[in-house]
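A.B. asks: Sharing a model that was predicted from the sequence below.
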Amino acid sequence: MTGIDFVLRLGIAFLLGAAIGLERQWRQRLAGLRTNTLVACGAASFVMLGVMIPGANATQIPAYVVSGVGFLGGGVILREGASVRGLNTAATLWCAAAVGALAGSGFLLQAFIVTVVVLIANILLRPLGYRINQQPLKGTELEFCYRCSVVCRSQDEAHVRALLLQSLSTSAMRLRSLQSQDLETSAQVEVQADLVTQDRKDALMEQVVSRLSLESGVSAVRWRIIEQEYG
């Protein structure tokens, strides 16, 4: 491989990686312009290194690149309660590495094509994904589990449990568990109810919380989604 070929392939990897990273940076994702550019350039460099070393098996280098970028992508995936963030960013890094590997192997047209496909997926498919997420979840296997926690005086525990069950009796939510535990720092009890539904019931949970907060013996009440899973 001549020096001109090396510079050309690395330059193409740089430009295409920057094009992918620019979209990520514009959306303020964890891995932005520099990260995607470096991943593409690094993948191209390793692939070209395998070509330049006499006797090296160039076909093994892309496999090592894929596994290495897999660990890098795992670092940008975050779990926040019931939600997982960073999956699309990790997949974009993986594709940026593929673009770099193609450029480093001399498949420049194919590298351009993959870059265009990645940009289309990240830009044009985003509104479609939002539209699908807004559709009702009835008939799907996706379930949400809500947890409602109420802190009250010990003498009001039975009343709060009954009031909580009464507030949820007319809803389509299924009661998974209802438990109480004493708080060590005070003479209070925390009542927790876990409820399962196929639809988002945020408005209903807000009504329940607002109703319980009016009770004189209740000092704190809150709700959150603790699970989002396929049944």
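C.D. replies: Received the coordinates, thanks. Residues are numbered from 1 along each chain as shown.

A.B. asks: Determine the set of other helices and strands touching the top helix by length along the chain.
C.D. replies: Using DSSP state H, we find that the single longest helix of the chain is helix 3-26. Packed against helix 3-26 by the contact rule (3 or more C-beta pairs under 8 Å, 6 or more residues apart in numbering; DSSP states H and E) you find helix 33-52, helix 87-105, helix 108-123. Where you see a C-beta, it was placed from the backbone N, CA and C, and this is true even at glycine.

A.B. asks: quick one: contacts of that helix?
C.D. replies: Contact partners of helix 3-26, identified using C-beta atoms under 8 Å, 6 or more residues apart in numbering, comprise 31-41, 43-45, 48, 89, 92, 95-96, 99-100, 103-104, 106, 108, 111-112, 115, 118-119, 122-123.

A.B. asks: V151 - that's part of a strand, no?
C.D. replies: Yes - the assignment for V151 by DSSP: H, G, I helix; E, B strand; the rest coil puts it in a strand.

A.B. asks: What is the burial count for it?
C.D. replies: By the criterion of other C-beta atoms under 10 Å, V151 has 17 neighbours.

A.B. asks: again, but for the one 4 residues further on
C.D. replies: The local packing count at Q155 equals 10, with neighbours defined by other C-beta under 10 Å.

A.B. asks: pLDDT value on the closest residue to it other than its chain neighbours, please?
C.D. replies: Residue nearest to Q155 in three dimensions, not counting chain neighbours: G217, with 7.3 Å by C-beta to C-beta, 6 or more residues apart in numbering. Looking at G217, its pLDDT is 86.

A.B. asks: my read: G217 touches S154, true?
C.D. replies: No - using C-beta atoms under 8 Å, G217 makes no contact with S154, being 9.2 Å away.

A.B. asks: C95: what's it in contact with?
C.D. replies: Contacts for C95 (C-beta under 8 Å, 6+ apart) come out as I20, V114, V118.

A.B. asks: switch the cut-off to 6 Å
C.D. replies: Neighbouring residues of C95 by C-beta atoms under 6 Å, 6 or more residues apart in numbering: V118.

A.B. asks: So it versus A19, what's the distance?
C.D. replies: Between C95 and A19 the distance is 12 Å, computed by C-beta to C-beta, to the nearest Å.

A.B. asks: And for Q188?
C.D. replies: For Q188, the distance to A19 equals 57 Å [C-beta to C-beta].

A.B. asks: Check K201 too.
C.D. replies: Distance from K201 to A19, by C-beta to C-beta: 42 Å.

A.B. asks: Walk me through the domains of the chain.
C.D. replies: Domains of the chain are assigned by automatic domain parsing as 3-133, 142-230.
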